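Engineer: One predicted model, sequence on top.
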Amino acid sequence: MTNNAVPPIDEAHEAIKTLIRYIGDNPDREGLLETPKRVIDSYKELFSGYEIDPKDILQKTFQEIDKYDEMIILKDIRLESYCEHHMIPIIGVAHVAYIPTNKVVGIS
């Protein structure tokens, strides 16, 4: 069974300090003193998408689709994610295309 409890912030800071030591640097060096806080703050922002329910975004629709009888294409949507195996960023673009039937999704 997986324990999804969020550890205390001081444990997260210590984990970052451990990684800094692991790569051969000193977490107590002046330039790195605030790094654990910065990393945790950036992770909060980067992983904030876990708190968003896609249904909330996709439920905004438009029913006036008389003019939409062809494929709708959204191109070059910025994509930011993280590889869960390596914890490195994946940055790119995505394209979405669909043919509306009763509604047009308001994701432009």
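Structural biologist: Yes, it's here. Numbering: from 1, shown residues only.
Engineer: quick one: the strands in this protein?
Structural biologist: For the chain, the strands defined by DSSP state E occupy 61-62, 72-82, 89-98, 104-105.
Engineer: which one of these lies closest to residue 44?
Structural biologist: Of all the strands of the chain, strand 72-82 sits nearest to residue 44, with 13.0 Å by Cβ to Cβ. Glycine gets a C-beta too; all of them are placed from N, C-alpha and C.
Engineer: low-scoring stretches of the chain, by residue?
Structural biologist: Along the chain, the model assigns pLDDT under 70 to residues 1-3, 64-68, 107-108.
Engineer: just to revisit the earlier point, turn the strands of the chain into JSON lines, columns for distance to residue 13 and mean neighbour count.
Structural biologist: Shown next, in JSON lines, are the strands of the chain (distance: least, Cβ to Cβ, whole Å; neighbours: other Cβ atoms under 10 Å):
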{"stretch": "strand 61-62", "distance to residue 13": "44", "mean neighbour count": "12"}
{"stretch": "strand 72-82", "distance to residue 13": "20", "mean neighbour count": "11"}
{"stretch": "strand 89-98", "distance to residue 13": "21", "mean neighbour count": "10"}
{"stretch": "strand 104-105", "distance to residue 13": "41", "mean neighbour count": "17"}
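Engineer: Out of those strands, flag the one nearest residue 26.
Structural biologist: strand 89-98 (25.5 Å).
Engineer: Mark out where each domain of the protein begins and ends.
Structural biologist: Domain segmentation of the chain under automatic domain parsing yields 1-51, 54-108.
Engineer: roughly how far is the first one from the heart of the chain?
Structural biologist: What that stands for is domain 1-51. 17 Å (Cα atoms, centre = their mean, to the nearest Å).
Engineer: same thing with stretch 101-108?
Structural biologist: Worked out by Cα atoms, centre = their mean, stretch 101-108 lies 23 Å from the chain centre.
Engineer: which outside residues touch it?
Structural biologist: Residues outside stretch 101-108 that contact it (Cβ atoms under 8 Å, 6 or more residues apart in numbering): 57, 58, 60, 61, 62, 63, 65, 68, 72, 74, 96, 98.
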